[in-house]
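# coordinates only, no sequence provided:
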């Protein structure tokens with residue numbers, strides 16, 4: 001069975017959207033030539049991003065094949081997090097949010113959870129099994145902590 005991606009809500013989405021609009025120059029203050037020049041200026045950056053994304057994805061895929069699955073308690077202890085009832089809190093102060101993902105899949109009546117983070121110098125991939133009957137309801141960034149809600 002394949003992994004299903006969990007949308008991790010960000011506490012920065014609203015701030016980033018508002019600040020991004022401040023630099024936008026459209027309407028009567030611009031022309032086609034300047035818009036085209038701005039677009040062309042961004043192309044090398046996009047190719048670098050595509051190459052980096054491809055290398056990160058292939059590295060993560062190869063590491064995932066050798067991935068060990070821990071119990072929830074082992075995972076929380078290993079990563080220095082907290083588990084209380086229906087809430088798992090994972091401190092991730094050095095993780096880049098755009099390279100972070102959570103996935104789930106079913107395995108023999110229990111749900112497996114995979115945490116992946118791509119970084120310039122390695123990254124992280126960890127998988128753990130939730131206790132029977134528990135499922136991931138959602139996840140949210142709270143500062144440098146990811147809070148995973150269970151049902």
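Arrived safely. Since the structure is predicted, the reported quantities are computational estimates derived from the model, not experimental observations.
# run through who's touching the helix or strand where residue 106 lies.
Of the helices and strands defined by DSSP states H and E, residue 106 is found in strand 100-107. Defining contact as CB atoms under 8 Å, 6 or more residues apart in numbering, one finds that strand 100-107 is touched by 1-6, 8, 92, 111-118, 129, 135-136, 139, 146, 148. C-betas here are computed from N, CA, C, even on glycine.
# any quick ChimeraX command for the buried ones out of these?
What follows is the ChimeraX syntax selecting those of these that are buried according to 16 or more other CB atoms under 10 Å:
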select :3,6,8,92,111,112,113,114,115,116,117,118,129,136,139,146,148
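# in strands, which of the contacts of strand 100-107 appear?
Secondary structure defined by DSSP state E assigns 4-6, 8, 111-117, 129, 136, 139, 146, 148 of those to strands.
# quick revisit: okay, the angle between the strand holding residue 106 and strand 110-117?
With axes from the mean of the first three to the mean of the last three CA atoms, to 10 degrees as the basis, strand 100-107 and strand 110-117 are set at 160 degrees to each other.
# report the buried residues of strand 100-107.
100-104.
# would you reformat these as JSON lines and include pLDDT and distance to residue 81?
As requested, those are arranged in JSON lines below (pLDDT from 0 to 100; distance: CB to CB, whole Å):
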{"residue": "100", "pLDDT": "88", "distance to residue 81": "14"}
{"residue": "101", "pLDDT": "91", "distance to residue 81": "17"}
{"residue": "102", "pLDDT": "94", "distance to residue 81": "13"}
{"residue": "103", "pLDDT": "93", "distance to residue 81": "18"}
{"residue": "104", "pLDDT": "95", "distance to residue 81": "17"}
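# want to throw those residues into TSV with distance to residue 35?
Converted to TSV, these look like this (distance: CB to CB, whole Å):
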residue	distance to residue 35
100	33
101	33
102	37
103	38
104	42
